[in-house]
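Chemist: Okay, predicted coordinates and the sequence, questions at the end:
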Amino acid sequence: MIRMGTGKEDASLRLRRLLTAGRTFVAISLCSMVAFMLIGALAMVREQRGAASLQGLASTVSTAFFADMLGMEIPVYHSPAQGSFSDRELAQAAAETLTEVNPADPRSLLAAGMPGMEPPASPVPSPDGGAPADGSAGEEADDMDAHDPGVLDGEDEPGVGPVGEMPGGAVEPAPQGGGEQQPSAGETASSKNLVFIYHTHARESYAPELGGGVSDPQSAKINVGQVGSRLAEQLEKRGIGTLHDTTDYPTAVAGYRWELSYKYSKKTVQQAMSENGQLKLFFDIHRDSQKRKITTKSIGGQDYAKVFFVIGKGNPDWERNMAFAESIHERLDKEYPGLSRGILGKAKTSGNNGEYNQSLSGQSILIEIGGVDNTLEECYRTADALAEVIADLYFNDQKA
């Protein structure tokens with residue numbers, strides 16, 4: 001009897017162990033399944049977020065950067081005095097590429113672990129690489145970052161003073177040009193205004209026109225507005241009805257604040273749109289802060305001021321504006337090789353507006369024409385080339 005009881009106890013013990021092992025196996029299986037599901041979901045979210053790619057990284061570096069990389073292995077390419085990156089910068093770039101976390105921007109670390117938080121935008125590749133010849137980001141990178149710390153909040157900032165108290169006569173039709181390159185009667189569009197040209201920073205000027213000796217030429221009389229007038233005039237000659245706004249905001253707006261420049265110009269664009277329902281194309285013309293060697297191109301024995309397109313990624317539909325800029329860039333590069341420096345996508349940060357009024361229309365872009373060392377004559381040549389390309393694109397689109 002004792003042996004029989006012992007046998008029953010052994011059987012019961014084995015059964016309990018078997019049940020315990022079974023429960024453990026089921027628990028491990030369920031935990032593994034949940035873990036794999038979570039990992040898969042996170043991978044899908046990560047893919048949809050569009051993390052920065054090597055293509056995006058390559059689009060932001062200059063030829064000098066690659067030359068310095070070659071110089072690490074080929075001494076003849078090495079230039080100690082003009083290296084484009086330091087060991088620290090190289091380590092930071094490598095870390096950001098591998099981890100997708102920017103050591104200089106804590107938000108990128110938070111964005112990786114907080115659902116719904118967008119990471120800082122990666123650079124937008126342009127058809128020819130996007131970055132200027134020296135790897136800088138043009139005036140909207142250094143000028144805005146340095147002088148527009150409040151532009152980000154300008155559009156929604158309450159109580160900023162009399163925004164919009166601007167003279168109504170600032171917008172005027174472009175002068176009707178006569179003579180060369182008039183379109184045929186069948187394709188003229190000048191009977192209706194299609195293009196609106198304006199200047200958020202209307203006093204940006206060109207040093208040679210002011211006598212030189214200034215690093216940041218500004219003038220209320222001789223400035224980028226004259227380049228806008230030339231562009232408007234040439235568009236009219238080609239049958240494109242154009243309005244050109246010449247508002248000088250420091251004069252027109254009481255209590256003017258530089259950091260709210262895009263708030264002022266946005267009101268100008270909105271007013272123009274409400275009064276001219278047929279407007280389709282919007283160009284905010286600026287002058288870059290880069291030097292002559294970066295902003296000048298010789299074509300056919302004549303110097304042209306290079307153009308640089310800026311797209312604000314703070315606009316939810318920035319892809320439409322990017323496509324519009326790409327169409328102009330590609331056509332311009334075909335007709336005038338090297339005249340365009342490319343396209344730059346700018347994220348919305350504490351130092352950048354990142355929207356540039358481009359949410360108002362998918363065919364609204366910011367164009368830098370020339371730099372501080374270019375002349376008006378060089379900018380006029382470029383304005384003529386731009387007008388030619390824009391008119392051709394418009395009429396081809398109408399025929400399609």
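Modeler: Here it is on my side, so go on.
Chemist: Assign a three-state SS to Gly345, would you?
Modeler: What DSSP: H, G, I helix; E, B strand; the rest coil gives for Gly345 is strand.
Chemist: That one: how many residues sit nearby?
Modeler: 26 (other Cβ atoms under 10 Å). Yep, even glycine has a C-beta here, placed from its N, CA and C like the rest.
Chemist: Can you spell out which residues form a bridge with it?
Modeler: Gly345 has these beta-bridge partners by DSSP bridges: Ile311.
Chemist: That one is in contact with Met322, isn't it?
Modeler: Yes - using Cβ atoms under 8 Å, Gly345 is in contact with Met322, at 6.9 Å.
Chemist: just the strands in the stretch 151-300 of the chain please.
Modeler: 171-173, 195-198, 242-245, 281-286, 296-299 (DSSP state E, counting those that start in this stretch).
Chemist: contacting residues around Thr296?
Modeler: Going by Cβ atoms under 8 Å, 6 or more residues apart in numbering, Thr296 touches 303-306, 370-371, 373-374, 378.
Chemist: contacts for stretch 313-329?
Modeler: For stretch 313-329, using Cβ under 8 Å, 6+ apart, the contacting residues are 121, 124, 126-128, 309, 311-312, 340, 342-343, 345-348, 352-356, 358-359, 362-365, 386, 389-390, 393.
Chemist: Apologies, that question was intended for stretch 192-200.
Modeler: Contacts of stretch 192-200 (Cβ under 8 Å, 6+ apart): 173, 223-225, 228, 231-232, 235, 240-247, 249, 261-262, 264-265, 268-269, 272-273, 276, 278-286, 356-357, 366, 390, 394.
Chemist: Likewise for stretch 216-234?
Modeler: Residues from elsewhere that reach stretch 216-234 (Cβ under 8 Å, 6+ apart): 174-175, 177, 195, 197-199, 201-207, 209-210, 242-244, 246, 248, 250-251, 283, 285-287, 289, 369-370, 372, 376, 379-380, 382-384, 386-388.
Chemist: Can you list which of the contacts of stretch 313-329 are found in helices?
Modeler: 386, 389-390, 393 (DSSP state H).
Chemist: Nearest to Val26 among those residues?
Modeler: Leu393 (65.4 Å; Cβ to Cβ).
Chemist: pretty sure Arg341 contacts Ala305?
Modeler: No - assessed by Cβ under 8 Å, Arg341 is found out of contact with Ala305, at 10.5 Å.
Chemist: Could you check which of those two is surrounded by more residues?
Modeler: More neighbours surround Ala305 than the other of Arg341 and Ala305, with 29 against 26 (other Cβ under 10 Å).
Chemist: tell me, how many neighbours does the nearest residue to that one once chain neighbours are set aside end up with?
Modeler: Leaving out its chain neighbours, the residue that sits closest to Ala305 by Cβ to Cβ, 6 or more residues apart in numbering is Gly370, at 3.0 Å. Other residues lying near Gly370 total 30 when counted by other Cβ under 10 Å.
Chemist: I'd say Gly370 and Gln290 touch.
Modeler: No - using Cβ under 8 Å, Gly370 makes no contact with Gln290, being 9.2 Å away.
Chemist: Walk me through the domains of this structure.
Modeler: Annotated domains of the chain cover 1-48, 52-123, 139-399 [automatic domain parsing].
Chemist: Confidence-wise, which of those domains is weakest overall?
Modeler: Sorting the domains of the chain by mean pLDDT places domain 52-123 lowest, at a mean of 56.
Chemist: buried sites along stretch 257-273?
Modeler: By neighbour count with 16 or more other Cβ atoms under 10 Å, stretch 257-273 contains the buried residues 257, 259-269, 271-272.
Chemist: Please identify which of those residues is nearest to Ile294.
Modeler: Nearest member of these to Ile294, counting by Cβ to Cβ, is Ser261, at 23.7 Å.
Chemist: My read is that the closest one contacts Thr247, right?
Modeler: No - applying Cβ under 8 Å, one finds Ser261 not in contact with Thr247, separated by 11.0 Å.
Chemist: sorry, back to before: of the contacts of stretch 313-329, which qualify as buried by neighbour count?
Modeler: Buried members of the contacts of stretch 313-329, scored by 16+ other Cβ under 10 Å, are 121, 124, 126, 128, 309, 311-312, 340, 342-343, 345-348, 352-356, 358-359, 362-365, 386, 389-390, 393.
Chemist: Quick one: end-to-end distance for stretch 247-256.
Modeler: End-to-end distance of stretch 247-256 (Cα to Cα, to the nearest Å): 13 Å.
Chemist: same question, stretch 206-219
Modeler: First-to-last residue span, stretch 206-219, Cα to Cα: 9 Å.
Chemist: Tell me the buried residues in that stretch?
Modeler: So stretch 206-219, judged by 16+ other Cβ under 10 Å, has buried residues 206-210, 217, 219.
Chemist: Is Asp303 in a helix, a strand, or coil?
Modeler: Under three-state DSSP, Asp303 comes out as strand.
Chemist: residues contacting it?
Modeler: Residues in contact with Asp303 (Cβ under 8 Å, 6+ apart) are 296-297, 378, 381.
Chemist: Done for today, thanks.
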